[in-house]
Each structure stands twice: as C-alpha cells, then as structure tokens.
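Asker: A predicted structure for the sequence below; I have some questions about it.
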Amino acid sequence: MSTVVDIVLLTLLAATGIALLRIRNLFAVVMLAGIYSLLSAGLFTVMDAVDVAFTEAAVGAGISTVLFLAALALAGHHENRPGHTPLLPLVVVGVTGLALVYGTVDMPGFGGADNPVHHHVADHYLEESPHEIGIPNVVTAVLASYRGYDTMGETTVVFAAAVAVMLLLAGRRRSRAAAGDDGEEGGAGHR
C-alpha cells in the first residue's frame, strides 16, 4: 500500500511541477507552489520524516504562500514572456541535475539498517536525550536542543522575510497615498 501512495504522490508532484513551468498567471503559480509543498509534506510523512513534513507544511505551504501572495500585490498577476531563448538557464539546470545524480550514485540504499545515519548520532539521540535534556519526545529534543541554533536560524530567516515583505507593502501604500494626495492638490489648484 505504501508503494502505491509513494507513486501517487510522486506523480502528483511531477504533474504540479510541470504545471508550474507552463503557467504564466502568477497567482496560479503561487497556489500550485503551495500545493507542491503540501504534497512534499505528505511524501515526507509517508517516509516517516514527520518533523521534516511539519516544517515543510508550515514554512513551504504556509508562510511562503502568504509571502508570495503579498509579493503579488507588488508584482502583478502575469509573467511577461522572455524576449530571448532560455538556452543558458536550461544548460545550467541540466548540468546541475547531472551533478546531483552523479553525487547520489554511491549512496547506500534507502532505509538500510547498516546505513551510516542509523549509527553513532542516532543511537546517541535515542539513548541519551531523555537523560541529557529531560524531554521524552526524541524529535522535539533534537529540534529544540541538539539543533537549536539551526531551528533558530530557520525561524530568523522566515521572520526576516516576513518583515521585508511587510516593509515593501508599507512603502507601496505610502507611495500610493502620496500620489493620491498630489493628485488631489493638483486638482484643487486648477479650480
């Protein structure tokens, strides 16, 4: 059953990715990006990476979608067609993809009990975190204590992005208000 769910999620991810490449309406792109993040969170859940799934759902499908929608208020809803052939970006993406595939060739099989990830650090977390930290949930212990700086950094980046978007939107409102005030004064001076 799990294999069927994996195949369905991967198929939906591929279809969403292709749709993202083809659509020019930026509102639809933002919505599809949120759906892509939500599907990714589902895939992470199926792979028993619930902490990663939670982060993907909160940051990818949640706050990123809100920030993109706020940015649409500044950019408009339609993407202009490029005036040149996108050959160079296609080559860069192709070379990067090949490098990533080459980097995964000698990786151990997924889920193998003898994989390096299942030794040393994971054993330490499972055995020692209740005694070292006093938190019974190992995932919470890892995110809140062992990876505390990393989690704080992720939170800081999301907070900084939200503040930047709010500042951009506030600046646009002020410029609209100033343009509206100038238009009213100019109109009153002609009377």
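Answerer: Yep, that arrived.

Asker: okay, now residue 120: neighbour count?
Answerer: For residue 120, the count of nearby residues is 9 (other C-beta atoms under 10 Å). No exception for glycine: its C-beta is placed from N, CA and C like everyone else's.

Asker: Adjust the sequence numbering to begin at 56 for everything that follows.
Answerer: Okay, residue one is now 56; in that scheme the one you just asked about reads as residue 175.

Asker: ok, now how distant is it from residue 228?
Answerer: Distance from residue 175 to residue 228, counting by C-beta to C-beta, to the nearest Å: 53 Å.

Asker: And the strand or helix carrying residue 89, how far out from the chain middle?
Answerer: Using DSSP states H and E, residue 89 sits within helix 81-101. Centroid separation for helix 81-101 versus its chain: 9 Å, with C-alpha atoms, centre = their mean, to the nearest Å.

Asker: Which strands or helices does that helix pack on?
Answerer: helix 57-77, helix 105-110, helix 119-130 (3 or more C-beta pairs under 8 Å, 6 or more residues apart in numbering; DSSP states H and E).

Asker: For it, buried residues please.
Answerer: By neighbour count with 16 or more other C-beta atoms under 10 Å, helix 81-101 contains the buried residues 81, 84-85, 87-100.

Asker: how far off helix 119-130 does it point, in degrees?
Answerer: 170 degrees (axes from the mean of the first three to the mean of the last three C-alpha atoms, to 10 degrees).

Asker: Just give me the residue right at the centre of the protein.
Answerer: residue 115 (3.5 Å; C-alpha atoms, centre = their mean).

Asker: which ones are touching the residue nearest to that residue when sequence neighbours are not counted?
Answerer: In space, not counting the residues next to it along the chain, residue 115 is nearest to residue 92; the distance is 3.1 Å by C-beta to C-beta, 6 or more residues apart in numbering. Contact analysis of residue 92 by C-beta atoms under 8 Å, 6 or more residues apart in numbering lists 111, 112, 115, 116, 119, 120.

Asker: Could you list the low-confidence segments of the chain?
Answerer: Counting by pLDDT under 70, the chain contains low-confidence residues at 56, 235-246.
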